[in-house]
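Q: Sequence and computational prediction follow.
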Amino acid sequence: MTHIDAGAELDPVHPVPVPERAQGLSTAEVAEHVARGEVNDVPVRSSRSLTEIVRANVFTRFNAIIGVLWVVMLCVAPIQDSLFGFVIIANTGIGIIQEWRAKKTLDSLAVIGETKPTVRRDGAAVSVSTSEIVLGDLIEIGPGDKIVVDGDCVEADGLEIDESLLTGEADPVVKRPGDAVMSGSFVVAGGGAFTATKVGREAYAAQLAEEASRFTLVHSELRTGISTILKYVQWMMIPTAIGLVISQLVDKNHGFKDSIARTVGGIVPMVPEGLVLLTSVAFAIGVIRLGRKQCLVQELPAIEGLARVDTVCLDKTGTLTEGGMDVAELRLLGDADEAYVRRVLGSLGESDPRPNASLQAIIDAYPDSVDWRCTEALPFSSARKYSGAAFSEGDGTDSAWLLGAPDVLLPPQDPALADIEELNEQGLRVLLLARVTRDLEDPRVKEDAEPAALVVLEQRLRPDAADTLRYFAEQDVKAKVISGDNAVSVGAVAGKLGLTGAENTVDARTLPTDPEEMADALDAGTVFGRVTPQQKRDMVGALQSHGHTVAMTGDGVNDVLALKDADIGVSMGSGSEATRAVAQIVLLNNSFATLPSVVAEGRRVIGNITRVATLFLVKTVYSVLLALLVVCFQVEYPFLPRHLTLLSTLTIGVPAFFLALAPNKERAKPHFVRRVMRYAIPGGAVAGVATFVMYMVARHYYTGDGALDAETSAATLTLFLISMWVLAIIARPYTWWRIGLVAAMALAFLLVLVVPWLQDFFALKLVGSVMPWTAVGVAVVASAGLEVLWRWVDRRFPA
């Protein structure tokens with residue numbers, strides 16, 4: 001609250017008091033601070049550096065294992081048995097390139113979305129980058145602005161700052177000159193300026209801000225699930241590999257180099273080397289695709305998270321409606337004079353240096369009355385639902401006025417509310433202008449308010465909002481409209497957009513405070529009006545307590561707390577600096593219609609990675625099982641590395657790449673690890689047992705020189721056919737390109753079997769007709785068993 005003394009200096013053109021204000025630093029002083037290094041140089045990074053990307057893709061535990069085995073194979077075996085190393089190099093290169101492309105996209109979008117604080121230098125207000133602020137800078141702030149560095153308040157005009165993200169204190173703190181302000185807090189009402197006292201890493205929230213804006217790739221169910229799987233795979237590999245090494249090197253008397261090759265052939269396929277790569281690539285390509293639609297993903301798991309959302313909380317203003325409004329009607333109450341009311345409205349508009357959308361519409365419609373002088377101002381607050389100002393009129397008369405929500409300023413039985421209800425039902429926004437006799441600082445200022453006029457505002461509906469709401473309904477995602485406006489008016493707007501249940505409007509002032517009861521009310525209702533910022537936060541928490549995954553969209557400072565607590569926060573690019581800072585996804589083009597694209601990308605990533613993870617882990621399971629059976633039966637390992645490189649490429653590597661990037665509209669489901677392992681374990685077990693049975697049958701059939709090569713060829717044919725059937729199951733439901741993909745892989749293997757130089761290169765030559773046809777028969781039986789087993793698993797262990 002600011003009082004302006006009657007004797008304050010007056011501007012000769014505008015007789016509004018112009019209090020003496022600080023000039024800020026001079027250009028020379030700024031240069032001195034820069035020279036001393038007193039600059040806000042905290043590196044705000046939206047993505048990993050190239051060095052970090054390379055390190056993350058190259059220096060992994062499994063790459064180290066594969067790398068050692070590759071070097072061994074290069075020393076003891078033909079180049080064909082070292083192909084797996086070149087595949088790893090290619091995979092790693094693809095991963096680095098795609099993540100680098102994603103980084104460039106993120107960085108370019110972050111620059112577009114960057115907000116520039118206003119600082120006062122040489123007496124003039126200029127916008128600078130956050131990193132250009134120096135110690136001692138005078139920074140101007142208003143509603144929705146984030147405090148970017150620590151400082152001391154110099155000017156305050158009804159300045160209220162929310163520090164809840166730092167201290168947990170729910171109520172905004174009124175700041176006066178001399179009070180400290182902390183970086184990481186944000187302005188909810190009023191305006192002012194503060195001097196920067198701590199910049200860079202010394203600022204209170206600098207480290208927190210740096211960590212929060214980093215490229216985060218790991219905090220998601222998908223990434224956590226894959227890490228869990230890899231941990232178990234690692235523990236399975238160690239004892240199995242040791243046993244295999246002993247059995248092949250100590251107990252067998254085939255050549256040393258051949259034994260080494262077969263040992264490596266048994267260990268390499270246990271490593272699901274492409275799984276992490278494909279996950280990273282899928283996320284990276286998602287970022288690139290969304291970047292083309294001007295969607296900034298500030299935290300990568302948000303792509304996955306929005307796909308898991310089952311409830312979207314929408315703020316009406318800026319989401320369903322555009323930011324701007326138009327005055328549709330001025331309806332006088334009582335014996336109010338229209339010309340006088342217009343002067344009041346014009347002066348109210350002039351009294352606020354940072355008007356919101358409603359007040360801006362009034363400013364556009366009613367020009368300022370130059371002979372009125374503002375003596376006191378009460379900035380708008382989402383918690384209060386009104387603003388106000390006191391004036392010294394041109395004839396010396398004093399008056400005080402409030403402008404805000406009619407149902408907040410008027411008693412429940414006031415007859416004017418009946419007219420207001422009719423307007424609200426048409427989706428119009430209504431503000432009440434009322435004269436008051438109490439001081440604006442008085443908590444009871446609205447009591448005995450004398451209504452003077454209704455200002456009817458027409459809201460501009462977003463042209464894309466109806467289609468987006470329809471998309472969410474089709475995807476079984478419930479939309480809840482949560483707004484600070486009148487519930488009936490909000491419901492009418494939602495109804496125009498075709499939102500199911502828009503007629504179920506609830507005034508949030510009637511909601512219970514108990515979280516469980518509130519959650520029940522939220523499940524039942526669709527449109528909620530007169531919601532305070534703290535209530536928005538409580539509503540998100542209540543929905544989460546009922547097991548809902550909640551996304552929150554918003555653009556105003558009143559949405560910050562709810563955006564922060566929601567599972568996924570989505571902000572408009574034109575929203576306040578504070579909302580963009582806490583949101584995981586920023587729609588830079590301000591288009592609500594971009595959200596379905598984000599959901600679609602998330603569903604593509606989750607659904608497809610679940611598919612391909614099953615492929616990779618079936619291979620790991622059958623590789624471990626084959627190694628254990630070889631150790632138990634004391635026989636040579638049936639495959640050389642070249643055989644499993646061929647099988648992995650045709651039945652996993654190439655198909656997985658296409659499947660991971662294909663469209664997928666399937667609703668994201670939880671329990672990733674369980675969903676993958678319930679197929680991978682039985683699938684791998686069937687493939688491993690069937691292949692080993694065929695290998696043992698072939699060992700009894702073939703004798704003499706070349707017997708081991710013939711046995712290996714028969715086992716390879718069996719394993720390929722079973723793996724192809726696994727691929728055929730994973731590729732369902734079939735489309736023309738998926739059928740073509742499976743057919744192409746089968747054709748490629750057929751070429752290896754019939755082209756002589758490929759037979760020699762891969763050491764694959766089917767001998768006779770009995771064992772090859774036996775291999776086909778075993779594979780058919782195993783594939784039928786797979787179908788039966790997986791259907792049983794679906795019924796017995798539903799996801």
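A: That came through fine.
Q: Worst mean pLDDT across the helices and strands of the protein, which element?
A: One helix or strand of the chain scores below all others by mean pLDDT, DSSP states H and E: strand 2-3, with a mean of 40.
Q: in stretch 658-676, what counts as buried?
A: Of the residues in stretch 658-676, F658, L659, A660, L661, A662, N664, A668, F672, V673, R675, V676 count as buried by neighbour count, 16 or more other CB atoms under 10 Å. Any C-beta I mention is one placed from the backbone N, CA and C, and that applies to glycine too.
Q: Now the residue lying closest to the fourth one once chain neighbours are set aside: which helix or strand?
A: Meaning L661. Once flanking residues are discounted, L661 sits nearest to I285: 6.3 Å by CB to CB, 6 or more residues apart in numbering. Using DSSP states H and E, I285 sits within helix 273-291.
Q: Tell me which helix or strand comes right after that helix.
A: Heading C-terminal from helix 273-291 (DSSP H and E), you reach strand 295-297.
Q: for the record, mean pLDDT for that next one?
A: Averaging pLDDT along strand 295-297 yields 83.
Q: So in that sheet, which strands flank it, and in what orientation?
A: Applying DSSP bridges, strand 295-297 is found paired with strand 585-587 (antiparallel).
Q: So R604, which state does it fall into?
A: Here R604 is recorded as helix under DSSP: H, G, I helix; E, B strand; the rest coil.
Q: what's the answer for P143, then?
A: P143 ends up coil, using three-state DSSP.
Q: which other residues reach stretch 735-754?
A: If you take CB atoms under 8 Å, 6 or more residues apart in numbering as the criterion, stretch 735-754 is touched by 646, 650-651, 654-655, 658-659, 662, 717, 720, 724, 727-728, 731-732, 758-759, 762, 764, 766.
Q: If any of these are buried, put those into a ChimeraX selection.
A: A single ChimeraX command is used to select the members of the contacts of stretch 735-754 judged buried by 16+ other CB under 10 Å:
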select :646,650,651,655,658,659,662,717,720,724,727,728,731,762,764,766
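Q: thinking again about what came up before, show me what secondary structure element comes after the least confident helix or strand of the chain.
A: With secondary structure assigned by DSSP H and E, strand 2-3 is succeeded by helix 27-35.
Q: where along the stretch 151-300 of the chain do the strands fall?
A: Using DSSP state E, counting those that start in this stretch, the strands found in the stretch 151-300 of the chain span residues 173-174, 180-181, 186-198, 295-297.
Q: Show me the one of those strands that comes nearest P515.
A: strand 186-198 (23.7 Å; CB to CB).
Q: Can you check what angle separates that closest one from helix 27-35?
A: Angle of strand 186-198 versus helix 27-35, following axes from the mean of the first three to the mean of the last three CA atoms, to 10 degrees, is 80 degrees.
Q: quick one on the thing from earlier: sort out which of the contacts of stretch 735-754 are in helices and list them.
A: 646, 654-655, 658-659, 717, 720, 724, 727-728, 758-759, 762 (DSSP state H).
Q: would you turn those into a markdown table with distance to A562 and pLDDT?
A: Shown next, in a markdown table, are the ones in helices among the contacts of stretch 735-754 (distance: CB to CB, whole Å; pLDDT from 0 to 100):
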| residue | distance to A562 | pLDDT |
| --- | --- | --- |
| L646 | 54 | 91 |
| V654 | 45 | 89 |
| P655 | 43 | 92 |
| F658 | 40 | 88 |
| L659 | 37 | 88 |
| L717 | 59 | 95 |
| F720 | 54 | 95 |
| M724 | 50 | 94 |
| L727 | 45 | 93 |
| A728 | 46 | 92 |
| L758 | 61 | 90 |
| Q759 | 65 | 88 |
| F762 | 59 | 87 |
